[in-house]
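Colleague: give the three-dimensional model of this entry:
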Amino acid sequence: MITLTIWHSPMRTALTLPMSDEKLQQEMINAFGDTPQRATVADISPQALAMLDGKEVDMDELNFLAKSMARFNKDEMSQFKAAVQVEQPTDLKALINLSFNLERYTLVQNTADLAAIGKRHLLNKQGGLTESEVESIDFEQIGRYLLSSGQGVPTANGLVFRNSEVPYHEVYDGTTFPYYDYRGDAIAVAQLEYDGKTEYLYLPEDEVAIEKAVQRLGAPSSEDVQKFMQLHELSAALTDFTIDNPWWMKHFETVLREDGIWAANEMAVLFPKSDQDMEKLSAVIEYADVSGIEDITQLAKHLDDFVFAKGATSDEDVGRHFVDHDSEYSASAEVMNYIDFDALGSQIIEDYCGEFVEGGFVCMDHGCSLEQILEQDESMTMGGI
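Modeller: You can find the predicted model right below:
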């Protein structure tokens with residue numbers, strides 16, 4: 001987390017980063033009446049970033065640095081702060097790149113446990129150890145050698161050793177932002193490529209984030225993003241999923257390929273946030289017998305208009321589900337043994353046009369109509385022509 005005050009002309013405002021691109025834009029509008037790309041930094045925290053005080057910086061770069069730092073655990077944050085003190089970067093480009101090169105620095109905060117030092121040193125450089133390595137390596141000897149090398153640099157966070165054998169990677173060239181893994185709510189990561197440059201979107205994104213990503217790829221302004229995407233062929237692919245469902249993964253890829261990044265993002269926005277809702281949406285799609293993005297979008301928007309009895313395979317199961325979950329069919333414990341659940345379920349299936357699908361039973365809720373839901377989609381599509 002980064003806290004700071006930013007100045008633009010005579011006005012200033014306090015910020016806590018990271019935040020979404022849309023929220024950052026709104027904060028700038030609230031404070032300055034417009035969205036300046038650059039602002040002057042004051043009173044920044046943590047202290048490791050004090051070199052930015054008094055400097056005019058790119059706000060998107062600063063927000064991205066905060067996003068990169070948000071990936072760190074407590075030890076990695078100390079490692080980053082120590083590396084900053086050793087390398088003394090002077091601008092955001094260098095700071096961003098440093099945040100992606102922590103394996104080049106080993107931080108020792110407790111010199112008492114040589115074996116722990118040696119193990120941390122190897123884990124830091126290699127990223128991991130095999131079981132055989134853990135059993136065979138003399139970590140205490142490695143820790144002793146590291147401390148006796150005389151190459152440690154004292155910092156406010158501990159003793160830092162540069163791992164010069166680890167190559168430096170310039171992941172940020174000052175134009176497009178590199179991939180980072182910190183968003184916990186992303187459904188998928190979309191990789192956009194154009195003219196040798198790459199940008200990443202963590203779906204669902206706000207529209208401002210998509211516009212800014214396309215601008216970094218070459219669009220001259222936010223107003224020209226749509227025109228730029230129409231005139232220039234951007235390569236787009238989904239590189240990572242946080243969902244473990246082959247059907248949905250394939251469907252996301254189809255939507256991205258056939259309808260573009262905006263449609264794929266809209267689908268991610270509406271994507272169920274729980275496994276239970278995802279199962280329900282899959283069942284509702286089968287019930288409605290649709291496959292297009294517009295129809296699926298409508299079903300996702302109206303998921304509460306459907307009843308889903310998970311695991312139901314018989315009329316009796318349907319009857320029991322409605323008695324247990326629908327107040328209109330609720331019954332006291334005294335009369336439960338006298339209910340013909342099979343007959344009740346059969347009547348409900350007929351009254352509500354229900355169907356058994358993979359995973360359970362689906363029907364419309366009271367007063368809801370599948371035709372009306374899908375007709376809304378058609379009317380919106382016609383209205384947009």
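
Colleague: so for residue 237, what's the pLDDT?
Modeller: According to the prediction, residue 237 has pLDDT 91.

Colleague: and the strands in the stretch 201-350 of the chain?
Modeller: 235-241, 306-310 (DSSP state E, counting those that start in this stretch).

Colleague: which of the ones you listed is buried the deepest?
Modeller: strand 306-310 (a mean of 21; mean count of other C-beta atoms under 10 Å). No exception for glycine: its C-beta is placed from N, CA and C like everyone else's.

Colleague: and the contacts of that strand?
Modeller: For strand 306-310, the external contacting residues (C-beta atoms under 8 Å, 6 or more residues apart in numbering) are 276, 279-280, 283-284, 287, 299, 317-318, 321-322, 326, 352, 354, 359-365, 368.

Colleague: residue 86 touches residue 105, doesn't it?
Modeller: Yes: the pair residue 86 and residue 105 passes the contact test of C-beta atoms under 8 Å, sitting 7.1 Å apart.

Colleague: anything in contact with each of those two?
Modeller: With contacts taken as C-beta under 8 Å, 6+ apart, residue 86 and residue 105 have 160, 162 as neighbours in common.

Colleague: quick one: contacts for residue 233?
Modeller: With C-beta under 8 Å, 6+ apart as the criterion, the residues that contact residue 233 are residue 194.

Colleague: just residue 113 next, same as before
Modeller: Contacts for residue 113 were tallied using C-beta under 8 Å, 6+ apart; they are residue 143.

Colleague: one more: residue 230?
Modeller: Remark: with contacts taken as C-beta under 8 Å, 6+ apart, residue 230 is in contact with nothing.

Colleague: helix/strand/coil for the nearest residue to residue 48 once chain neighbours are set aside?
Modeller: Nearest-residue entry for residue 48: residue 81, 4.1 Å, with adjacent residues in sequence omitted and distances by C-beta to C-beta, 6 or more residues apart in numbering. Taking DSSP: H, G, I helix; E, B strand; the rest coil as the rule, one finds residue 81 in the helix state.

Colleague: OK, contacts around residue 81?
Modeller: 46, 48, 155, 156, 157.

Colleague: in helices, which of the contacts of strand 306-310 appear?
Modeller: Secondary-structure check on the contacts of strand 306-310 using DSSP state H: residues within helices are 276, 279, 280, 283, 284, 287, 299, 317, 318, 321, 322.

Colleague: who's in contact with the last one?
Modeller: Taking C-beta under 8 Å, 6+ apart as the definition of contact, the neighbours of residue 322 are 307, 309, 328, 329, 344, 345, 348.

Colleague: mind running it again at 7 Å?
Modeller: If a contact means C-beta atoms under 7 Å, 6 or more residues apart in numbering, then residue 322 has 329, 348 as its contacts.

Colleague: next: the fourth one.
Modeller: Each residue near residue 283 by C-beta under 7 Å, 6+ apart is listed here: 308, 357, 359, 360, 362.

Colleague: can you get me a residue count around the second one?
Modeller: Looking back up the chat, that one is residue 357. For residue 357, the tally of surrounding residues (other C-beta atoms under 10 Å) stands at 18.

Colleague: beta partners for it?
Modeller: Note on residue 357: beta-bridge partners by DSSP bridges are residue 360.

Colleague: isn't it up against residue 287?
Modeller: Yes: counting by C-beta atoms under 7 Å, a contact exists between residue 357 and residue 287, whose distance comes to 5.4 Å.
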